[in-house]
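*Asks:* Just need the structure, nothing else, for what follows:
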Amino acid sequence: MTWETLAPWMALVFTLALSILVPLFTQIANNRHQRKILREQRLFDVREKKRNAYTDFLLKVGGSVTHCSHESLREAGAALYHLYAYAPHDWWDEMDQLSKLLHDFDWKKAAPILQKLSRLIAEELDKER
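*Replies:* Take a look at the predicted model:
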């Protein structure tokens, strides 16, 4: 066999290989890109949930300490306990104290702890910007 007789067959094999490999590599690249987008979306969702928990805490607990009612106290407790899922562990002691003070209706002692947690939340939110 000579090169002239093999050339059409080699071109055919080369074309077949490319027709299989190009879509395969395209799909691999698309899958990687989709996984990257999904990872970024999950991170965004977690940050958004964390931001919502912080905001909810500030609004509801702050509102309850400022003007207490049975409804606001219930919402404050829910917001406070929701915050545990996102707050750093070193905040938990203050959050435990605040929970006890809200339960005991001790607003004067609760206000400074709420202020401290509010500042910590503000610092956390500034880091994310």
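*Asks:* And the strands in the chain?
*Replies:* Taking DSSP state E as the criterion, the chain carries no strands.
*Asks:* Averaging pLDDT per element, find the lowest-scoring helix or strand in it.
*Replies:* The helix or strand of the chain with the poorest confidence is helix 70-83; it has a mean of 89 (mean pLDDT, DSSP states H and E).
*Asks:* Would you mind measuring from the residue nearest to the spatial centre of the chain to A85?
*Replies:* Closest residue to the average C-alpha location of the chain: V46 at 1.1 Å, with C-alpha atoms, centre = their mean. Separation of V46 from A85 (C-beta to C-beta, to the nearest Å) stands at 10 Å. Any C-beta I mention is one placed from the backbone N, CA and C, and that applies to glycine too.
*Asks:* Could you do K36 as well?
*Replies:* Relative to A85, K36 is positioned 26 Å away (C-beta to C-beta).
*Asks:* V22 now?
*Replies:* Distance, V22 to A85, by C-beta to C-beta: 46 Å.
*Asks:* can you check L16 too?
*Replies:* In this view, L16 and A85 are 55 Å apart by C-beta to C-beta.
*Asks:* how many degrees apart are the lengthiest helix in the chain and helix 70-83 in direction?
*Replies:* As assigned by DSSP state H, the longest helix anywhere in the chain is helix 3-66. If you take axes from the mean of the first three to the mean of the last three C-alpha atoms, to 10 degrees, helix 3-66 sits at 140 degrees to helix 70-83.
*Asks:* returning to that earlier point: CA atoms only for the least confident helix or strand of the chain, dumped as PDB, please.
*Replies:* This file holds the C-alpha atoms of helix 70-83, laid out as PDB (Å, rounded to 0.1, in the frame of the first residue of the first chain):
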ATOM      1  CA  HIS A  70     -46.000  39.000  73.000                       C
ATOM      2  CA  GLU A  71     -45.800  38.900  69.200                       C
ATOM      3  CA  SER A  72     -42.500  40.700  69.000                       C
ATOM      4  CA  LEU A  73     -41.000  38.600  71.700                       C
ATOM      5  CA  ARG A  74     -42.000  35.400  69.900                       C
ATOM      6  CA  GLU A  75     -40.400  36.700  66.700                       C
ATOM      7  CA  ALA A  76     -37.300  37.800  68.500                       C
ATOM      8  CA  GLY A  77     -36.800  34.400  70.000                       C
ATOM      9  CA  ALA A  78     -37.200  32.800  66.600                       C
ATOM     10  CA  ALA A  79     -34.800  35.200  65.000                       C
ATOM     11  CA  LEU A  80     -32.300  34.700  67.800                       C
ATOM     12  CA  TYR A  81     -32.300  30.900  67.500                       C
ATOM     13  CA  HIS A  82     -32.100  31.100  63.700                       C
ATOM     14  CA  LEU A  83     -29.000  33.200  64.100                       C
END
